[in-house]
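Trainee: Below is the structure, and that's it, no one-letter string:
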C-alpha cells in the first residue's frame, strides 16, 4: 500500500486531480489494433530518432514491466554511481530495447497484451491520493498517485501516436484520451515558469482549441507559479495552440520556436515564450 501524502506537503499548485485509471484498458486495445494492422515493412520504419516502430513497441513493453516491478523478466535496472535520472532512464530504455531486437512482431504483440492487461488492472484499484513516483517535469517528487498515473497514461498514448505517425496514420483524434493527455501535460506549467519573474497575481493562460482541448491558467504567487488559483480578469499573456501543436510541443516532437510560429499570442511576449519551453517528458 502506498503511503498517504504528508499533509505538510502542499501540492495544490499542481491543480485539480486527474483520474486516468479507467483509460488504460482502451489505450492498450488501441495500441494492439495499430500493431496488428502493420505491414511487415512498417515495423522497420523510424518512429522516433534512433528507434524503429519495433524498438518503440519493445520500449512500451519495458514501460509496462517497469510499472509491474520487472517481475518475471530477470531485468533489474539500477543506478550507476553518480548517474542522473535522465541518463539512467535513457540507458535502461536502450538496454531493454536492445534485448528485444530479435523478438518477432507477433511475440511483442502477445507480450504487450499480457503485460498491458496487468498494468490496466493494477491502476484501476490505486488510491489517487496516496504517494506515487516523482514526476520530474512537473517539479513534484514525490508526486501524488493521480499525477504519476496520469503521467504514465500520457507515455503510452504518446508512443502510440508516434507509431501512428511513422506509419502514415496520423494522430488519433479520439477526444477523451487526448483531453486527459493535454490536461496532464499542462501540469508542467508551474515548473516551466519556475525561474520566470512576475508580480504576484500575474496570470498566464494557455488554451488548446477543439475537441479534447481546454484552458489552463497559471498564476504567480508569493512562492511559486500555481494552477490552483482561480482565473481573474484578463491574463497578462495568453497562448492559443491547436491540439497537434500542443502535444507535440510538450513531447518535443516540435521545438519551442516552431510552436511560437504556430501559436496565437496576446499580451506579454516574454511570458508566452517561456510557456512554449514546456516539456512534459523526461528529456
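Mentor: Nice, thanks for sending it over. These numbers were taken from a predicted model, which means no experiment stands behind them.
Trainee: helices or strands up against the worst-scoring helix or strand of the chain on mean pLDDT?
Mentor: Taking mean pLDDT, DSSP states H and E as the measure, helix 85-99 is the helix or strand of the chain with the lowest mean score, a mean of 90. Helices and strands touching helix 85-99, by 3 or more Cβ pairs under 8 Å, 6 or more residues apart in numbering; DSSP states H and E, are helix 53-67. No exception for glycine: its C-beta is placed from N, CA and C like everyone else's.
Trainee: now the helix it packs on: mean pLDDT?
Mentor: On average, the pLDDT along helix 53-67 is 95.
Trainee: just stretch 164-183 next, same as before
Mentor: Here the average pLDDT along stretch 164-183 is 97.
Trainee: Buried ones in that stretch, by neighbour count?
Mentor: Within stretch 164-183, the residues scored as buried using 16 or more other Cβ atoms under 10 Å are 164, 165, 166, 167, 171, 177, 178, 179, 180, 181, 182, 183.
Trainee: Please dump those residues into a markdown table; it should also carry secondary structure and distance to residue 57 for every row.
Mentor: A markdown table is the format used below for those (DSSP: H, G, I helix; E, B strand; the rest coil; distance: Cβ to Cβ, whole Å):
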| residue | secondary structure | distance to residue 57 |
| --- | --- | --- |
| 164 | helix | 12 |
| 165 | helix | 14 |
| 166 | helix | 11 |
| 167 | coil | 12 |
| 171 | coil | 18 |
| 177 | helix | 19 |
| 178 | helix | 21 |
| 179 | helix | 25 |
| 180 | helix | 22 |
| 181 | helix | 19 |
| 182 | helix | 24 |
| 183 | helix | 26 |
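Trainee: if we can go back for a sec, just checking, next helix/strand downstream of the least confident helix or strand of the chain?
Mentor: Using DSSP states H and E, the helix or strand that directly follows helix 85-99 along the chain is helix 105-124.
Trainee: and that following helix, which residues are buried?
Mentor: Judged by neighbour count using 16+ other Cβ under 10 Å, the buried positions of helix 105-124 are 105, 108, 109, 111, 112, 115, 116, 119, 120, 123.
Trainee: Show the contacting residues for the third one.
Mentor: So that's residue 109. Applying Cβ atoms under 8 Å, 6 or more residues apart in numbering to residue 109 gives the contacts 32, 35, 36, 57.
Trainee: same thing with the fifth one?
Mentor: For residue 112, the residues meeting the contact criterion (Cβ under 8 Å, 6+ apart) are 28, 31, 32, 35, 57, 60, 61, 64.
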